[in-house]
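Asker: sequence first, predicted model second:
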Amino acid sequence: MLGALADTPLPAEMFRRPDESPDAEFYVEPRLVTHIDDATIAALTGFYRERLPPDADLLDLMSSWISHLPAEVPYGRVEGLGMNARELGANPRLSGFAVHDLNREPDLPYPEASFDAVLNAVSIQYLTRPLAVYRSVARVLRPGGLAVVALSHRLFPTKAIAAFQALPPRERIGLVRLYFERAGGFEPAEFVDRSPEGADPLWIVTARRL
């Protein structure tokens, strides 16, 4: 399916959802839960430990009450952007946070070249305007900065876009790589599989800002 889209606009139907009501209504109540199991969280934390240098300034995109960052690593500024103030306020790793609906306003509320890395943990399936969001991610990253997108197989079915519900895992990964390519401003995206045996899968796509 994705091969046929290589040189054509992404169809609007890919980004439709069963529930098109305002996202602010869906996220009004805090959900202090995890969306992948413990072994998969540990694998994501291990990846962050390897790839995010100490003292880096980080943006946790579509954040919640936990960022899965290694507890022993001192980072610089860690900003969280999400949909529920109570969730964000409960996150001990955040230096600050903003409640911001990316499906209404995809431009990030930060100056250019503000961060060394922008993280998105198991939430990209909810973006209805991902190219606009990742153009803004490129803007707020410093040159050479890293964008990290972690995917698994769990989702809220009423709010996940049609493409993520229809595509098999390999093509979901390909779609995220296509987001980086179409957004512009990034080096070619790379993929690693960090899925723990017997646990939720963990697929990670990364790209550096040009």
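Answerer: Cool, got the structure. Numbering: from 1, shown residues only.
Asker: contact partners for Leu108?
Answerer: Taking C-beta atoms under 8 Å, 6 or more residues apart in numbering, we find Leu108 in contact with Leu59, Leu61, Leu81, His100, Val133, Ser136, Val137, Arg139, Val140. Heads up, the C-betas are built off the backbone N, CA and C, glycines and all.
Asker: partner strands of the host helix or strand of Asn120, parallel or antiparallel?
Answerer: Per DSSP states H and E: Asn120 is located in strand 115-121. Applying DSSP bridges to the sheet, strand 115-121 is found paired with strand 58-63 (parallel), strand 141-151 (parallel).
Asker: nearest to Phe115, out of those strands?
Answerer: When the strands paired with strand 115-121 are compared by C-beta to C-beta, strand 58-63 sits nearest Phe115, at 4.6 Å.
Asker: the closest one: what's the following helix or strand?
Answerer: On the C-terminal side of strand 58-63, the nearest following helix or strand under DSSP H and E is strand 78-82.
Asker: can I get the CA coordinates of the helix or strand encompassing Gln165 in PDB?
Answerer: Per DSSP H and E, Gln165 falls inside helix 162-166. Below are the C-alpha coordinates for helix 162-166, written out as PDB (Å, rounded to 0.1, in the frame of the first residue of the first chain):
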ATOM      1  CA  ALA A 162      -7.500   4.700  10.000                       C
ATOM      2  CA  ALA A 163      -4.000   4.000   8.600                       C
ATOM      3  CA  PHE A 164      -2.700   2.700  11.900                       C
ATOM      4  CA  GLN A 165      -5.700   0.500  12.300                       C
ATOM      5  CA  ALA A 166      -5.500  -0.900   8.800                       C
END
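Asker: contacts for that helix, please.
Answerer: Residues outside helix 162-166 that contact it (C-beta under 8 Å, 6+ apart): Glu13, Met14, Phe15, Arg16, Arg17, Gln125, Leu155, Pro157, Arg172, Leu175.
Asker: in helices, which of the residues you listed fall?
Answerer: Arg172, Leu175 (DSSP state H).
Asker: just the buried ones from the contacts of helix 162-166?
Answerer: Met14, Phe15, Arg17, Gln125, Leu155, Arg172, Leu175 (16 or more other C-beta atoms under 10 Å).
Asker: so for these, which is the shakiest by pLDDT?
Answerer: Of all those, Leu155 has the smallest pLDDT value, namely 89.
Asker: quick one: contacts for the residue most central in space within the chain?
Answerer: Central residue of the chain (C-alpha atoms, centre = their mean): Asn120, 2.1 Å from the mean position. Asn120 makes contacts with Leu61, Met62, Ala147, Val148, Val149, Ala150, as judged by C-beta under 8 Å, 6+ apart.
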